[in-house]
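Engineer: I'd like to go over a predicted model; first the sequence, then the structure.
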Amino acid sequence: MRSAVRSYAAGWIALFAIVLLLQACASVAYLPGQQTIGRLRTIGPNVYLNNKAARDGQMVTVRDHVKTGDSSSAYVYFLAGGFVQFDENTDPFLDIVWDGTECGILILGIRVGQAYHEAGHQCRTVVKSTHGEWTQPERQFDIFNIKVDNEKSVFTLLDGKIDLSKPKYLELKPRQQITVSSARVEEVKTLSDQELNEVTRWRHKFPAPCSSDGTDCAPPSGPATAGQCTD
């Protein structure tokens, strides 16, 4: 009899633990080992996913190649909130890597083009261009813009904390812009409000679409921000 009671109690304890775990997981967008990164929203006729014409609303998974052509932009809305936007003629890979329960969102291999990132997700951010690498030291909110051409990469930290890790280590502060060639750091400077606005002016050509699930839209007004509607 006692054995049956203990077994019954143990069963309820296990069930209660599972319920708590599910409740905790409900608020976590990424689970260990997950392969899906976010949802793709397209603006313009020339957006490609893995070298095929992209469909608005497609899911983006590990090592997917997003490419934009002339007069086109792409947003990837992360499952945990926030987004990255790619300017026209930009060709990054996206990845998510796991170290146990710790995850990292990687924006890789930008050879040419421009990207704007605004997110406070549960994963750290890593950005790699042909000239340098930037790493978020811990999971936190960040806003940055990176512009890459054949000669250099220009990285602007608008808010949060992301440090240059290659070609040398350098801590960056909000409002700082760093220019990097493949061999060295060319310049570090602090920008005025007007200069910061100029850095992200390209986004005005591509106002944000509706949010990743197509709901909760607001009419566009002023500079493009996440969640505004153009469709």
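Structural biologist: In hand now; what should we look at?
Engineer: what lines up beside the helix or strand hosting residue 134 in the sheet?
Structural biologist: Using DSSP states H and E, residue 134 maps to strand 133-135. Paired neighbours of strand 133-135 in the sheet (DSSP bridges): strand 124-129 (antiparallel), strand 163-166 (antiparallel).
Engineer: State the mean pLDDT of it.
Structural biologist: Averaging pLDDT along strand 133-135 gives 95.
Engineer: contact partners of it?
Structural biologist: 124-128, 144, 146, 155, 162-166, 172 (CB atoms under 8 Å, 6 or more residues apart in numbering). (Glycine included, C-beta is placed from N, CA and C.)
Engineer: How is this structure divided into domains?
Structural biologist: What automatic domain parsing lists as the domains of the chain is 1-30, 36-205.
Engineer: Contact partners for residue 101?
Structural biologist: Going by CB under 8 Å, 6+ apart, residue 101 touches residue 32.
Engineer: which residue packs closest to residue 126, ignoring adjacent ones?
Structural biologist: Nearest residue to residue 126, sequence neighbours excluded (CB to CB, 6 or more residues apart in numbering): residue 106, at 4.8 Å.
Engineer: got any ranges where this protein has weak pLDDT?
Structural biologist: 1-28, 120-121, 210-231 (pLDDT under 70).
Engineer: In the sheet, which residues pair with the residue nearest the centre of it? Tell me.
Structural biologist: Nearest to the geometric centre of the chain sits residue 84, at 4.4 Å (CA atoms, centre = their mean). For residue 84, the beta-bridge partners are residue 76, residue 117 (DSSP bridges).
Engineer: Quick check: it vs residue 77, distance?
Structural biologist: As defined by CB to CB, to the nearest Å, residue 84 lies at a distance of 9 Å from residue 77.
Engineer: Quick check: the residue nearest to the centre of the chain touching residue 125?
Structural biologist: No. Using CB atoms under 8 Å, residue 84 makes no contact with residue 125, being 9.0 Å away.
Engineer: shared neighbours of the two, which are they?
Structural biologist: With CB under 8 Å, 6+ apart, residue 84 and residue 125 have common neighbours 107, 117, 119.
Engineer: Which of the helices or strands spans the first one?
Structural biologist: Spelled out, that is residue 107. Under the criterion of DSSP H and E, residue 107 resides in strand 102-110.
Engineer: Tell me the strands beside that strand, with direction?
Structural biologist: Each strand paired with strand 102-110, and its direction, by DSSP bridges: strand 93-99 (antiparallel), strand 124-129 (parallel).
Engineer: one step back: which one of the contacts of strand 133-135 is nearest residue 193?
Structural biologist: residue 144 (16.5 Å; CB to CB).
Engineer: ok, now how distant is the closest one from residue 163?
Structural biologist: As judged by CB to CB, residue 144 and residue 163 stand 11 Å apart.
Engineer: Helix, strand or coil: sort out the closest residue to residue 56 other than its chain neighbours for me.
Structural biologist: Of all residues not flanking residue 56 in the chain, residue 42 sits nearest, at 4.6 Å (CB to CB, 6+ apart). Under DSSP: H, G, I helix; E, B strand; the rest coil, the three-state class of residue 42 is strand.
Engineer: doesn't residue 74 make contact with residue 42?
Structural biologist: Yes. Using CB under 8 Å, residue 42 is in contact with residue 74, at 5.7 Å.
Engineer: Who are the packing partners of the helix or strand encompassing residue 194?
Structural biologist: Per DSSP H and E: residue 194 is located in helix 193-199. With contacts taken as 3 or more CB pairs under 8 Å, 6 or more residues apart in numbering; DSSP states H and E, helix 193-199 sits against strand 153-159.
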